[in-house]
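**Q** below are the sequence and a predicted model for it; my questions follow.
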Amino acid sequence: MNKKGRKLQKLGGAAALYEAGAFLAAIIFFLLVVDYPSITNQLDKIELIAKYEVLFTLMYLVSYVLFGFTLVILSLALHEKLKKSDSSLLNVATAFGIIWATLLIGSGMIFNSGIKVAVELYVTDPAQAVTVFTSVEAVSLGLGFAYGEIIGGLWILLISIIALRANIFNKGLNYFGIVIGVVGIISIITILNDIAGLFGVLLIVWFVWLGISLIKKQRNEEII
């Protein structure tokens, strides 16, 4: 692999580690700090967001917008890494990675723009604020795969199958990726939507494992 390719691999490894950290930070913030999922009343959600508006904006920037940008880097790094496999599925897998990244960026930007409008309306017209926020949240959740991680699941599943067939990366990592991919795909089924949370937790481990593998592999090649 040439120098540019090795640099891309390192960037991909760093991106994977960032994504793991972003996912973990989001879980801590949304579940432990503000307990957002437990709030079902839309007006209560707006009040909570108004109270922590800066933190909500920051978390959506970190865990959606920036996550999406780094996911593009990781997708391209994995494409470069796996192209020697000569798999016909690689272009399809990379396309799913880019699509996933694009939708996540859109989800985060829509939410951050929408909550700004909703919080401003809340002061003068709470009912209108609820209407705006409900629409914004629905679109953001849809783009962010709140009801099923099928695109991310397909990307990870295909990447893991390609890597396994070509004997790239540790077999344990590849089999683990296949499991995560399947979990993400079946989470699209209505009665299994809740396992999307399991997908997120497992994804943290996968990103860390993958990131370390990419960085360590490039260091070893440079030494050689």
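**A** Arrived safely, thanks for sending.

**Q** any idea which element the most centrally placed residue in the chain lies in?
**A** In the chain, the residue lying closest to the centroid (C-alpha atoms, centre = their mean) is residue 67, at 6.0 Å. Here residue 67 sits within helix 66-82, counting by DSSP states H and E.

**Q** need the contact partners of that helix.
**A** 1, 5, 8-9, 11-13, 15-16, 18-19, 22-23, 90, 93-94, 97-98, 100-105, 108, 155, 159, 162-163, 166, 168, 214 (C-beta atoms under 8 Å, 6 or more residues apart in numbering). For the C-beta atoms, the positions are set from N, CA and C on the backbone; glycine is no exception.

**Q** dump that helix to PDB, keeping only the CA atoms.
**A** Extracted C-alpha coordinates of helix 66-82, given in PDB (Å, rounded to 0.1, in the frame of the first residue of the first chain):
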ATOM      1  CA  LEU A  66     -19.500  15.000  13.000                       C
ATOM      2  CA  PHE A  67     -20.200  11.300  13.300                       C
ATOM      3  CA  GLY A  68     -21.500  11.300   9.700                       C
ATOM      4  CA  PHE A  69     -18.400  13.200   8.400                       C
ATOM      5  CA  THR A  70     -16.000  10.700  10.100                       C
ATOM      6  CA  LEU A  71     -18.100   7.800   8.900                       C
ATOM      7  CA  VAL A  72     -17.400   9.000   5.300                       C
ATOM      8  CA  ILE A  73     -13.700   8.800   6.100                       C
ATOM      9  CA  LEU A  74     -14.000   5.400   7.600                       C
ATOM     10  CA  SER A  75     -16.100   4.100   4.700                       C
ATOM     11  CA  LEU A  76     -13.400   5.300   2.200                       C
ATOM     12  CA  ALA A  77     -10.600   3.800   4.300                       C
ATOM     13  CA  LEU A  78     -12.300   0.400   4.500                       C
ATOM     14  CA  HIS A  79     -12.900   0.600   0.700                       C
ATOM     15  CA  GLU A  80      -9.200   1.100   0.200                       C
ATOM     16  CA  LYS A  81      -8.400  -1.600   2.700                       C
ATOM     17  CA  LEU A  82     -10.700  -4.200   1.100                       C
END
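
**Q** any idea of the mean pLDDT for the following helix or strand past that helix?
**A** Sequence-wise, the next helix or strand downstream of helix 66-82 (DSSP H and E) is helix 90-124. The average pLDDT within helix 90-124 is 94.

**Q** just the angle between helix 90-124 and helix 66-82, please?
**A** 180 degrees (axes from the mean of the first three to the mean of the last three C-alpha atoms, to 10 degrees).

**Q** next secondary structure after helix 90-124?
**A** The helix or strand immediately downstream of helix 90-124 is helix 126-143, counting by DSSP H and E.
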